[in-house]
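*Asks:* Kindly return the folded structure for what I paste below:
(chains A and B)
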Amino acid sequence: MTPTRADVCAAAIADAFADDGELFASPMGLLPMLGVRLARLTSNPDLVISDGESLFLASPPPLFAKGDVVEGWIPFRRVFDVVAHGKRHVMMGATQVDKHGNQNISAIGDFAQPERQLLGSRGAPGNTVNNRTSYWVPKHSARVFVEKVDVVTGVGPKLAKAAGPGASRYNDIHRIVSNLAVFDLHGPDDTLRLLSVHPGVSYDEVLSATGCDVHVDGAVPETRLPRTEELILINEVLDPQGLRFKEVPQE
Amino acid sequence: MTKGPRDKRMTIDEVVATLEDGITLGIGGWGPRRKPMALVRAILRSDLKDLTLVSWGGADVGLLVRAGKVRKLVYAFVSLDSVPLEPNFQKARQEGTIPEVVELDEGMFQTGLHAAAQRLPFLPTRAGLGSDVLVNNPWIRTVTSPYADGQELVAVPALEFDVALVHLNRADRHGNATYLGPDPYFDDLFCLAAKRAYVSCEQIVDTAGLTVDTPVQRLLISRMMVDGVVETPNGAHFTTCTPDYERDERFQRAYAAAAGGTDDEWAAFEERFLAGDEAAYQAAVTAFAEEAAR
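*Replies:* Below you'll find the model as predicted:
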C-alpha cells in the first residue's frame, strides 16, 4: 500500500490530536474528519468525536456514514458550553492565515463592502480564545498564507496577548496542516514556524507557495509517512470510497 | 364550565399583519435547518421594510436581503451548509446593499440571546477579544472583572427583538411546542429574547398529543413565551424539519443557482416560486419535485 499525499495529511492531522487526552475533537471539513477519526482509532482512543451534527459517537464510522453507538448529545448550544469550558480541540479551515497565525473566514477585501463575502466569523473568535485550535489548508498558496489577513476571525497568539489575559490565557493555536507542510506558531514573536514538509514536496516549493515569512529552525524534517496500520484503517475502514482525494488529489 | 388557556391559532398573513416597518426580527432555526420559511415568504410578499434581522443565517437572510427588506443584519454566519456560501447574502454584501451589518462570533451571538432572555443589558464572555469583531463593531464594549482576576472581557449587548419567529415540529393551539429533530437550536431563547413570539409548526395537535409518543424533554417552548401559533405544513421548506422532512437539496441547488446567476435567472425563480401565496409556493414545489421524478 503506497501512501498518497492525502494519507500523509490525514496522519499529520491525527498527530495534531495525539496528545490531547480526553476532549471533544471538532473537525471542520473532510480531511480533518478523517484525521481525527484516525487518531481516535490509533494514537488517542480517549478522543470524544461527534457526527458533526448533534451526537457523540462511541466509535468512528466511515466518512459520512452514520455511527451505530451514540455516547452523548451535543447540540449547538452545548458545543458553545464546551468551547467556553475548554475541553475541545477544533480544526477549522482558513481562507487566509497570516504569519502571526490569525485566520480569516469572514470576507476578502474591505469588511464594509468586501470583494468576496465568505461565511462570516462563525465560532472562530470564540474558539481561538477558549480552546485549542488548529487549521487545515487543502490548497496551500500565497493567496491563503498571507502577510496580514483582511479580517481577523481566528485570533493568533500575538493579537491574543495584546488583547490581555482574557484573550491569551486559553489561546492555543496548535498546528496548521496544509497539503504541503505542517506549521506551528513558535517562530520568533509568535510567528509561523515550519515543522515538516510532506514527502515529495521540496522545501522551496513550500516557501514559494507561502506569501509571508516562515521561520525555519535548522534542517526541516519530512512529515512522517503513515504507518501500515493507519493505511489499512484509512483505506479499508474510514474512507474506502476515496473521498479524501476530492480534497487532496492523487498525484 | 371550566376555562382553558387562550387559543392562539393564527394564519400566516395574520402574523405578518402584526409586523411593522423598522422592527427588530429574530428568526430561529440554524443556517439551513428548521427555519420558519413560510413566515419568511409571507414577509417577502408584504410591504414591510427597514427590518433589523437577527439570525443564525440561512436562506431566510438571503431571501430577505435580496428583496431589500433589511436595513440592518446581525449574524455570525450565513450558510446553506451543502452550499457553503449563501449567494444572495454574498451578492448583497459585495454590492453594499445592506446598510448596516453586525457580524458577531457564534458564542457572542448566544451570549447576546442569553442576556436578552434574562433582561440584562449585557453578559461577559471571552469570545471576540483580539478579533476584528470588536474592530468592525467599535460600539461593542469590554468590561473589567470586578474580582481579583481583573481581566477584560467582552460585554456582549443583549440581542433583544420586537418579534421572534420560530418553526417547530408540533404545537398545541396554546403555543406549547416540541422539536422532534436532533437539535433544539436556540428557539426557546429567541422566544424569551422577544417582546412577541410566533411559532409556526408542521402540525397543531391536542395538548395531550404533544407527549403521547414524545419525551417531555422535547417540549422546548412553553405557551407563556408565545403569542401566536400557525400551522404551516412543509413550512420550513427548503430547510430541514427532521423527522418530518430533510432539506430539499435539489430545490436548494436551484435556489442557489438562481441567486448566484443573472438577474433574469433570479427573476424567473421569483416568478415561479415566490410570486404567489404559500399554497402557490407549495404547489410549485410539488411540481418541481414531480419534474425530477419523471
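
*Asks:* Tell me where chain B has helices.
*Replies:* B:12-17, B:37-45, B:59-66, B:87-95, B:106-117, B:132-136, B:187-192, B:207-210, B:249-259, B:263-269, B:278-293 (DSSP state H).

*Asks:* Columns mean pLDDT and mean neighbour count on top of the ones you listed, output as a markdown table?
*Replies:* All C-beta spots, glycine's among them, are computed from the backbone N, C-alpha and C. Formatted as a markdown table, the helices of chain B follow (pLDDT from 0 to 100; neighbours: other Cβ atoms under 10 Å in any protein chain shown):
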| stretch | mean pLDDT | mean neighbour count |
| --- | --- | --- |
| helix B:12-17 | 98 | 18 |
| helix B:37-45 | 98 | 24 |
| helix B:59-66 | 98 | 26 |
| helix B:87-95 | 98 | 20 |
| helix B:106-117 | 98 | 26 |
| helix B:132-136 | 98 | 20 |
| helix B:187-192 | 98 | 25 |
| helix B:207-210 | 98 | 14 |
| helix B:249-259 | 98 | 18 |
| helix B:263-269 | 98 | 13 |
| helix B:278-293 | 96 | 13 |
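
*Asks:* can I get the ones you listed in CSV with distance to chain A?
*Replies:* Below are the helices of chain B laid out as CSV (distance: least, Cβ to the nearest Cβ, whole Å):
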stretch, distance to chain A
helix B:12-17, 26
helix B:37-45, 19
helix B:59-66, 10
helix B:87-95, 4
helix B:106-117, 4
helix B:132-136, 4
helix B:187-192, 8
helix B:207-210, 20
helix B:249-259, 13
helix B:263-269, 17
helix B:278-293, 22
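
*Asks:* The residue in the stretch 101-250 of chain A that chain B sits nearest to: what's it in contact with?
*Replies:* Closest contact between the stretch 101-250 of chain A and chain B, by Cβ to the nearest Cβ, is at A:G126 (3.2 Å). Neighbour list for A:G126: A:80, A:83-84, B:105-108, B:125-128 [criterion: Cβ atoms under 8 Å, 6 or more residues apart in numbering or on different chains].

*Asks:* same question, A:V151
*Replies:* A:104, A:106-107, A:111, A:121, B:132, B:136.

*Asks:* rewinding a little: just to be sure, which of the contacts of A:G126 are found in strands?
*Replies:* Among these, the members falling in strands are B:T125 (criterion: DSSP state E).

*Asks:* Looking at the contacts of A:G126, which is nearest B:P182?
*Replies:* A:F80 (16.3 Å; Cβ to Cβ).

*Asks:* Can you show me the strands along chain A?
*Replies:* Going by DSSP E, chain A shows strands at A:24-27, A:49-50, A:55-57, A:70-73, A:88-93, A:96-98, A:103-104, A:107-108, A:116-117, A:132-137, A:145-146, A:173-178, A:181-187, A:191-197.

*Asks:* What mean pLDDT does the last one get?
*Replies:* Averaged across strand A:191-197, pLDDT comes to 98.

*Asks:* just the first one next, same as before
*Replies:* Across strand A:24-27, pLDDT averages out at 98.

*Asks:* Identify all contacting residues around that strand.
*Replies:* A:13, A:17, A:33, A:35-36, A:39-40, A:47-50, A:52, A:56, A:74, A:79, A:82, A:87-91, A:136.

*Asks:* The nearest residue to A:G123 once chain neighbours are set aside: what's it in contact with?
*Replies:* In space, and not counting its chain neighbours, A:G123 is closest to B:E106: 4.2 Å by Cβ to Cβ, 6 or more residues apart in numbering or on different chains. Taking Cβ under 8 Å, 6+ apart, we find B:E106 in contact with A:76, A:80, A:121-123, A:126, B:56, B:76-77, B:127.

*Asks:* B:E106 and A:H85, how far apart?
*Replies:* 15 Å (Cβ to Cβ, to the nearest Å).

*Asks:* Kindly report the same for B:V78.
*Replies:* Where A:H85 is concerned, B:V78 sits at a distance of 27 Å (Cβ to Cβ).

*Asks:* Between the two, which is the more surrounded one?
*Replies:* Comparing B:V78 with A:H85 by other Cβ atoms under 10 Å in any protein chain shown, the one with more neighbours is B:V78, at 28 against 13.

*Asks:* Bridge partners for the more buried one, pull those for me.
*Replies:* B:G57 (DSSP bridges).

*Asks:* Do I have it right that it meets B:L63?
*Replies:* No - with contact defined as Cβ atoms under 8 Å, B:V78 does not count as touching B:L63 (11.2 Å).

*Asks:* And for residue 157, the neighbour number?
*Replies:* Picked chain A for this. A total of 22 residues lie near A:P157 under the criterion other Cβ under 10 Å.

*Asks:* nope, chain B please
*Replies:* Around B:P157 there are 21 residues (other Cβ under 10 Å).

*Asks:* tell me the pLDDT at the closest residue to A:G67 other than its chain neighbours?
*Replies:* Spatial nearest neighbour of A:G67, excluding adjacent residues (Cβ to Cβ, 6+ apart): A:L57 at 3.5 Å. You'll see A:L57 listed with a pLDDT of 97.

*Asks:* Let me see the contact set for A:L57.
*Replies:* A:49-51, A:67, A:69-71.

*Asks:* what does B:P87 give?
*Replies:* Counted by Cβ under 8 Å, 6+ apart, B:P87 has contacts B:62, B:256, B:259-260.

*Asks:* Apply 10 Å and report the result again.
*Replies:* Counting by Cβ atoms under 10 Å, 6 or more residues apart in numbering or on different chains, B:P87 makes contact with A:117, B:59, B:62, B:66, B:80, B:255-261, B:266.
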